[in-house]
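Trainee: Next one to model:
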Amino acid sequence: MRIPIAALIGLILTAFYFLMAIFAPLLAPYGMAEVVGGVWEPSSDAHLLGTDNIGRDLLSRMIYGGRTTIFIATAATILSFTTGSVLGFIAAVLGGWADQVLSRFVDLLMSIPTLIFALVVLSVMPVTVPVLILVMGLLDSTRVYRLARAVAVDIEVMDFVEAARLRGEGYRWIIFREILPNALSPLVAEMGLRFIFMVLFVSTLSFLGLGVQPPQADWGGIVKENADGIVYGIGAALYPAVAIATLAISVNLVADWVLNRTTSLKGGRG
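Mentor: Numbering: from 1, shown residues only. Next comes the predicted model:
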């Protein structure tokens with residue numbers, strides 16, 4: 001199988017970031033919150049990226065921050081797609097009042113800007129990693145619901161779905177054996193985009209002070225901690241910004257490749 005250069009670059013970068021997140025304790029030269037030098041020291045043999053605003057090793061903070069960012073984004077994306085896809089498929093298959101109730105509720109949630117909604121919720125709740133995952137995943141599931149329902153509505157009228165109904169198959173069979181396999185292509189492509197959104201979302205929340213709380217590290221929080229250094233020509237805040245950008249681009253390249261290799265609609269099981 002020949003992999004396009006763009007997709008190969010995306011796979012390598014994505015694998016690099018995920019492996020870095022998995023093996024963070026082995027790769028980081030210092031502890032996540034360990035003060036090992038002066039404030040904003042330049043790059044050296046002891047500190048390859050220098051130190052941050054209170055003297056912690058920036059490379060170690062970046063590695064642990066990547067682990068936190070990727071874990072939260074991945075978990076929130078899984079929650080978002082599990083919830084949104086299942087509810088979207090159910091709404092499409094059941095139709096009628098069930099579809100109307102679910103769709104109007106989703107429309108209500110989507111009418112409120114996601115970031116503002118998250119800020120309001122997190123301002124009255126303890127900001128922990130599980131709470132962040134739950135809030136981000138449930139808020140973003142509305143977008144997945146709309147896509148899953150739209151795709152399922154088109155598939156639900158296909159002949160192979162009607163044949164399954166005539167055989168007496170139940171809703172579970174129709175959703176998971178007929179609709180889901182044929183909806184995977186757009187959902188997989190959308191999953192890459194939603195993962196990128198989650199990375200940006202948690203980074204934005206941390207930058208605003210309602211995301212990952214110190215001394216834990218994530219890329220958005222590292223940008224916030226070192227933003228004042230830019231005024232003095234210190235680029236400590238740029239490293240996490242570059243990491244966020246390259247991760248977003250690499251995942252997008254992989255998602256595009258996966259979408260191109262799959263068909264938008266496959267034949268269902270007869």
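
Trainee: Show me the helices in the stretch 101-250 of the chain, by range?
Mentor: With helices called from DSSP state H, counting those that start in this stretch, the stretch 101-250 of the chain shows them at 114-123, 129-156, 159-166, 171-173, 180-207, 219-226, 238-261.

Trainee: Quick one: list the elements packing against the shortest one.
Mentor: If contacts are counted by 3 or more Cβ pairs under 8 Å, 6 or more residues apart in numbering; DSSP states H and E, helix 171-173 sits against helix 58-94. Every residue, glycine included, has its C-beta placed from N, CA and C.

Trainee: List the buried residues in the helix it packs on.
Mentor: For helix 58-94, the buried set under the neighbour-count rule, 16 or more other Cβ atoms under 10 Å, comprises 58-77, 79-81, 83-93.

Trainee: Likewise for stretch 161-176?
Mentor: 161, 164, 174-175.

Trainee: Could I get the CA-only coordinates of that stretch as CSV?
Mentor: This file holds the C-alpha atoms of stretch 161-176, laid out as CSV (Å, rounded to 0.1, in the frame of the first residue of the first chain):
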residue,chain,number,x,y,z
VAL,A,161,-31.8,-1.5,5.7
GLU,A,162,-35.4,-2.2,4.5
ALA,A,163,-34.4,-5.8,3.8
ALA,A,164,-33.1,-6.0,7.4
ARG,A,165,-36.4,-4.7,8.7
LEU,A,166,-38.4,-7.2,6.6
ARG,A,167,-36.2,-10.0,8.1
GLY,A,168,-37.4,-8.8,11.5
GLU,A,169,-34.2,-7.4,12.7
GLY,A,170,-34.4,-5.1,15.7
TYR,A,171,-33.2,-1.5,16.2
ARG,A,172,-29.8,-2.6,17.7
TRP,A,173,-29.0,-4.7,14.6
ILE,A,174,-30.0,-2.0,12.2
ILE,A,175,-27.9,0.7,14.0
PHE,A,176,-24.8,-1.3,14.7
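
Trainee: Show me how far it is from its chain's centre.
Mentor: Stretch 161-176 has its C-alpha centroid displaced from the chain centroid by 32 Å (Cα atoms, centre = their mean, to the nearest Å).

Trainee: Please apply the same query to stretch 166-181.
Mentor: Going by Cα atoms, centre = their mean, where stretch 166-181 is centred and where its chain is centred differ by 29 Å.

Trainee: what does stretch 114-128 give?
Mentor: Here the centre of stretch 114-128 is set off from its chain's centre by 18 Å, with Cα atoms, centre = their mean.

Trainee: Provide a list of residues in contact with the most centrally placed residue in the chain.
Mentor: Nearest residue to the geometric centre of the chain (Cα atoms, centre = their mean): residue 195, 2.4 Å. The contact partners of residue 195, taken as Cβ atoms under 8 Å, 6 or more residues apart in numbering, are 73-74, 77, 251.

Trainee: List the contacts of the nearest residue to it once chain neighbours are set aside.
Mentor: Taking Cβ to Cβ, 6 or more residues apart in numbering, and ignoring the residues beside it in sequence, residue 195 has residue 77 as its nearest neighbour in space, at 4.7 Å. Residue 77 sits next to 137, 140, 191, 194-195, 198 when contact means Cβ under 8 Å, 6+ apart.

Trainee: For the residues you listed, which two are the farthest from each other?
Mentor: 137 and 191 (12.6 Å; Cβ to Cβ).

Trainee: hang on, isn't residue 241 packed against residue 226?
Mentor: No - taking Cβ atoms under 8 Å as the definition, residue 241 is not a contact partner of residue 226, at 10.1 Å.

Trainee: These two - which one has more neighbours?
Mentor: Taking residue 241 and residue 226 together and counting by other Cβ atoms under 10 Å, residue 226 has the greater number of neighbours (24 against 15).

Trainee: correct me, but that one touches residue 52?
Mentor: Yes - taking Cβ under 8 Å as the contact criterion, residue 226 and residue 52 are neighbours in contact, 5.6 Å apart.
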